[in-house]
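Q: based on what follows, work out the 3D shape:
(one chain, ligands or ions: 2)
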Amino acid sequence: MKAIRGATTISADTPAEIKDAVGELLIQMREQNGLTDENMICILFSNTSDIKSAYPAKAAREAGFYSCALFSSLEPEIEGALPLCIRVMILAEIENPVPVYLRGAANLRKDLKKFAVALDGPSGSGKSTVAKMLARKLNILYLDTGAMYRACALKAIGEKVERFTEDAVAPLIENISLNIQYTDGAQRTILDGEDVSEKIRRPEVSMAASAISALPCVRKKMVEMQREIARKMSCVLDGRDIGTHVLPDAPFKFFVTASSRVRAKRRYDELRQKGYDVEYDNVLQEIEERDYNDSHRAFSPLRQAEDAVVVNTDEMNAQEVLDFIVRKIQEKV
Ligand SMILES: Nc1ncnc2c1ncn2[C@@H]1O[C@H](COP(=O)(O)OP(=O)(O)O)[C@@H](O)[C@H]1O
Ligand SMILES: Nc1ccn([C@H]2C[C@H](O)[C@@H](COP(=O)(O)OP(=O)(O)O)O2)c(=O)n1
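A: Numbering: from 1, shown residues only. Ligands and ions are numbered 1, 2, ... in the order given. Model (predicted):
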């Protein structure tokens, strides 16, 4: 069991303000921590003594938190303390608690100021492996943007789209029901209500993802969703254009790379381990084709951001890559 902290403030002591602020806080805590009726045990609230118009716990029920126990209390009256503040602690059966401090309460934990880490690079360079480790270490969210393009590709394959053109794909993408959820810190990709997190890893989806991701209608929609997530919370994002296009102002940018032969060997081992009957030469050819597609498309191609730190992982294991990246981040803060 873990404890997750959160806090928010209201601008006036009214039931409407309390409902709005508490609802916003709890929904973000639920999203960022993968909370469910099953894994949530209780929510403890404390409010400063200048809040008298409604119970924060009542706002929790109104926001849909029915099944867990709620408890309210009064914060000690300390001189100079932040006024009109509601603090929350949730106990839940999860692995990696992500604290959430909103509105005026963001100043309570300046160390939690929102930031993004961009990890870009070609297939098999180790981005997602190190992104997961880094997110766990920094206690922030990991967003696998490749999974989103893979889901678009799976949708188009399912709809039997033969050629990925703007005309054929735009209507599918406009109304796509794509949700990114987190279960115990792991990203789940939900397409049209189905958890497709495993299906999108199939080799045929990889090539299709590379092709469909070249379409501006697809990129526009996915980039909007990625920015919306990064606006709300600190995260590590891995992809092809995070540092150059999605979040050009990200304070930490890395370009993770390795030779195509090393990357192909890693992907080959991974696919074999998963039971796919693949040949090394075919995997290498596919990786090189994908490198070419991803870096030659007209719209936001794969390229190193000028201010990104290059990490060549040819001779490094995943832990060494993580240590290098953490050191670079620490040097900058
Ligand atoms: N530094 C590394 N050294 C050796 N193998 C690695 C390294 N980083 C990742 N791997 C392995 O290589 C494969 C591809 O890594 P992955 O993180 O999926 O790459 P990407 O997200 O860049 O496509 C995975 O099987 C992973 O376990
Ligand atoms: N930010 C991103 C992420 C992925 N893509 C495209 C390009 C890739 O070939 C596909 C699949 O990406 P993904 O990162 O899942 O692929 P790998 O795990 O590196 O093999 O999506 C992209 O264009 N932009």
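
Q: nearest spatial neighbour of the residue of the stretch 51-200 of the chain found nearest ligand 2, chain-adjacent residues omitted?
A: In the stretch 51-200 of the chain, the residue that lies nearest ligand 2 is G146 (2.3 Å; CB to the nearest ligand atom). C-beta coordinates here come from the backbone N, C-alpha and C atoms, glycine included. On the basis of CB to CB, 6 or more residues apart in numbering, the spatially nearest residue to G146 that is not a chain neighbour turns out to be G239, at 6.0 Å.

Q: check I18 too.
A: Closest residue to I18 in three dimensions, ignoring its sequence neighbours and counting by CB to CB, 6+ apart: A54, at 4.8 Å.

Q: ok, now which ones touch that neighbour?
A: Applying CB atoms under 8 Å, 6 or more residues apart in numbering, one finds that A54 lies in contact with 14-15, 18-19.

Q: and stretch 2-11, how far out from the chain middle?
A: In this view, stretch 2-11 has its centroid 20 Å away from the chain centroid, taken as CA atoms, centre = their mean, to the nearest Å.

Q: also stretch 122-140?
A: Taking the mean C-alpha point of stretch 122-140 and that of its whole chain, the gap between them comes to 11 Å (CA atoms, centre = their mean).

Q: same question for stretch 29-38.
A: 14 Å.

Q: for whatever residue of the chain ends up closest to ligand 1, grab the count of nearby residues.
A: For the chain and ligand 1, the shortest gap (CB to the nearest ligand atom) falls at G126, measuring 2.7 Å. By other CB atoms under 10 Å, 24 other residues sit near G126.

Q: elements contacting the lengthiest helix in the chain?
A: When the chain is scanned for its longest helix (criterion: DSSP state H), the result is helix 15-33. Other helices and strands packing on helix 15-33, by 3 or more CB pairs under 8 Å, 6 or more residues apart in numbering; DSSP states H and E, are strand 2-9, helix 56-62, strand 85-92, strand 100-101, strand 178-183.

Q: so which of the ones you listed is the most packed in?
A: Most buried of those by mean neighbour count (mean count of other CB atoms under 10 Å) is strand 100-101; its value is a mean of 26.

Q: which residues sit against it?
A: In contact with strand 100-101 (CB under 8 Å, 6+ apart) are residues 4-8, 25, 28-29, 32, 108-109, 112, 233.

Q: coming back round to it: could the helices and strands packed on helix 15-33 be laid out in CSV, adding mean pLDDT and distance to ligand 2?
A: CSV is the format used below for the helices and strands packed on helix 15-33 (pLDDT from 0 to 100; distance: least, CB to the nearest ligand atom, whole Å):
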stretch, mean pLDDT, distance to ligand 2
strand 2-9, 96, 29
helix 56-62, 92, 36
strand 85-92, 97, 29
strand 100-101, 91, 25
strand 178-183, 87, 13
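
Q: tilt between the worst-scoring helix or strand of the chain on mean pLDDT and helix 15-33?
A: Sorting the helices and strands of the chain by mean pLDDT, DSSP states H and E puts strand 178-183 at the bottom, at a mean of 87. Using axes from the mean of the first three to the mean of the last three CA atoms, to 10 degrees, one finds that strand 178-183 and helix 15-33 are set 80 degrees apart in direction.

Q: so what's the single nearest residue of the stretch 151-300 of the chain relative to ligand 2 up against?
A: When CB to the nearest ligand atom is the measure, the stretch 151-300 of the chain has its nearest residue to ligand 2 at G239, with 2.3 Å between them. Neighbouring residues of G239 by CB under 8 Å, 6+ apart: 118-120, 127, 145-146, 226, 246.

Q: of those, which is the nearest to A264?
A: Out of those, the one with the shortest distance to A264 is K127. That distance is 15.5 Å, counting by CB to CB.

Q: and the closest residue to the closest one other than its chain neighbours, what element?
A: The spatial neighbour of K127 that comes closest, neighbours along the chain excluded (CB to CB, 6+ apart), is D238 at 4.0 Å. Per DSSP states H and E, D238 falls inside strand 235-239.

Q: and that strand, C-alpha only, in CSV?
A: The C-alpha coordinates for strand 235-239 follow below in CSV (Å, rounded to 0.1, in the frame of the first residue of the first chain):
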residue,chain,number,x,y,z
CYS,A,235,6.3,13.2,-17.7
VAL,A,236,9.0,11.4,-19.7
LEU,A,237,7.9,11.2,-23.3
ASP,A,238,9.6,9.0,-25.9
GLY,A,239,9.1,9.2,-29.7
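
Q: sorry, back to before: out of the contacts of A54, which is nearest to ligand 2?
A: Checking the contacts of A54 one by one against ligand 2 (CB to the nearest ligand atom), the nearest turns out to be K19, at 37.1 Å.

Q: report pLDDT for the residue positioned nearest the centre of the chain.
A: The chain has L143 as the residue nearest its centroid, 2.6 Å off, counting by CA atoms, centre = their mean. For L143, the model assigns a pLDDT of 95.

Q: let's have the chain start at 20 instead
A: Taking 20 as the first residue, the last one we looked at is L162.

Q: can you pull the buried residues of stretch 180-188?
A: Buried residues in stretch 180-188, counted by 16 or more other CB atoms under 10 Å: 180, 183, 188.
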